[in-house]
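Engineer: okay, structure incoming, though there's no sequence with it:
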């Protein structure tokens, strides 16, 4: 996938031993490979169902606006400041010493006039560290209704009217706690067993069917203790996935990680025959122990083409722009009718090191969301 002339060898790593040699094609900067193997060969956890779903999070709110690296906005518990292109706030007043008062810059450091909240803060050191998107938190103007969903999980529980759990892995758990939060007092905590192959995701279908079969999905994500990487390995996993069916079968389409160097991955898997998978990866890295804002746009408005864009901390990862309609794509590349979007982790290989993921300030919308 990295380059056309390197596609064959990485893809053998990507799908594991036992996969045949794959034809490769390149179009619009995307390297695509296809196979006729059945589901479950190579990626033993790469099945559309994932073991079923069970009902399980609290009403939340989210700010609107197009994806932008400029920040500003209110802090988590410290006072608010006016937004500025640098992310600096006008003198905020801190009430808790939290690290996000009037912030908008990376790790809550923006603005010497941000009051006593400071750049680090004695309390809430996680808050405001979601990168250049600002202090984040979906705290203004979003009500879950129609084509909008937002949740900051401040009720301390998962709302069964919004979420279903996809957790076939017995060793995984999905809870709400306050150990790491992006805003407020609570976040979703996904715990998996390092060295195993796990699926643990929240799935919402409130906003679906999506208008024009397209949607934006945003989450703040925190990974610990570290991401699995190794030269020549991939440790492929998904973080935000649009799900649905086309006329030939199940489709997953979204963004995650490829573990050769912990790079963000945009990918799609068409499970209908012949099984087909494509997607580029980014220069940008998935970082451990820090909040990162990830936004996905999936566009299935064309009857013949699925298109994707991904933003990290408000800036588009241009190397993840992709389309399923590249040269040599098989007939099953048609976009699915999206019927849901999932957040969390779907591991396609046993993955060492990574054991805990926190999610906060999730939003799904028909329009661009951003990180504010």
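Structural biologist: Thanks, I have the structure now. Since this is a predicted model, take the numbers as computed values, not measurements.
Engineer: tell me the secondary structure for the residue lying closest to residue 319 once chain neighbours are set aside?
Structural biologist: With C-beta to C-beta, 6 or more residues apart in numbering as the criterion, residue 319 has its nearest non-adjacent residue at 4.9 Å, and that residue is residue 282. Every C-beta, even on glycine, is put in place using the N, C-alpha and C of the backbone. With DSSP: H, G, I helix; E, B strand; the rest coil as the basis, residue 282 sits in strand.
Engineer: could you count how many residues lie near the closest residue to residue 201 other than its chain neighbours?
Structural biologist: The shortest distance from residue 201 to any non-neighbouring residue, by C-beta to C-beta, 6+ apart, is to residue 344 (3.5 Å). By other C-beta atoms under 10 Å, 27 other residues sit near residue 344.
Engineer: now do the strand or helix carrying residue 344: which elements does it pack against?
Structural biologist: Using DSSP states H and E, residue 344 maps to strand 337-347. If you count contacts as 3 or more C-beta pairs under 8 Å, 6 or more residues apart in numbering; DSSP states H and E, strand 337-347 packs onto strand 187-191, strand 199-204, strand 214-224, strand 237-246, strand 249-258, strand 356-365.
Engineer: to residue 169, which of the ones you listed lies closest?
Structural biologist: Of all the helices and strands packed on strand 337-347, strand 199-204 sits nearest to residue 169, with 5.5 Å by C-beta to C-beta.
Engineer: that closest one pairs with which strands, and in what direction?
Structural biologist: strand 164-166 (antiparallel), strand 337-347 (antiparallel) (DSSP bridges).
Engineer: show the average pLDDT along the longest one.
Structural biologist: Regarding strand 337-347, the rounded mean pLDDT is 97.
Engineer: if we can go back for a sec, mind checking pLDDT for the residue nearest to residue 319?
Structural biologist: Confidence score, pLDDT, at residue 282: 96.
Engineer: now do residue 56
Structural biologist: The model reports residue 56 with a pLDDT of 32.
Engineer: and for residue 329?
Structural biologist: In this model, residue 329 is scored at 82, pLDDT.
Engineer: tally up the residues packed near it, please.
Structural biologist: Neighbours of residue 329 using other C-beta under 10 Å come to 21.
Engineer: shouldn't residue 250 be in contact with residue 272?
Structural biologist: Yes - shown here, residue 250 and residue 272 form a contact pair, counting by C-beta atoms under 8 Å, at 7.2 Å.
Engineer: the more surrounded of the two?
Structural biologist: Set residue 250 next to residue 272 and count neighbours by other C-beta under 10 Å: residue 272 wins out with 21 against 17.
Engineer: give the helix, strand or coil label for that one.
Structural biologist: Recorded secondary structure, residue 272: coil (three-state DSSP).
Engineer: what's the spacing between it and residue 309?
Structural biologist: Separation of residue 272 from residue 309 (C-beta to C-beta, to the nearest Å): 24 Å.
Engineer: on that earlier part again, I'd like the strands paired with strand 199-204 as CSV, with distance to residue 192 appended.
Structural biologist: Converted to CSV, the strands paired with strand 199-204 look like this (distance: least, C-beta to C-beta, whole Å):
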stretch, distance to residue 192
strand 164-166, 13
strand 337-347, 7
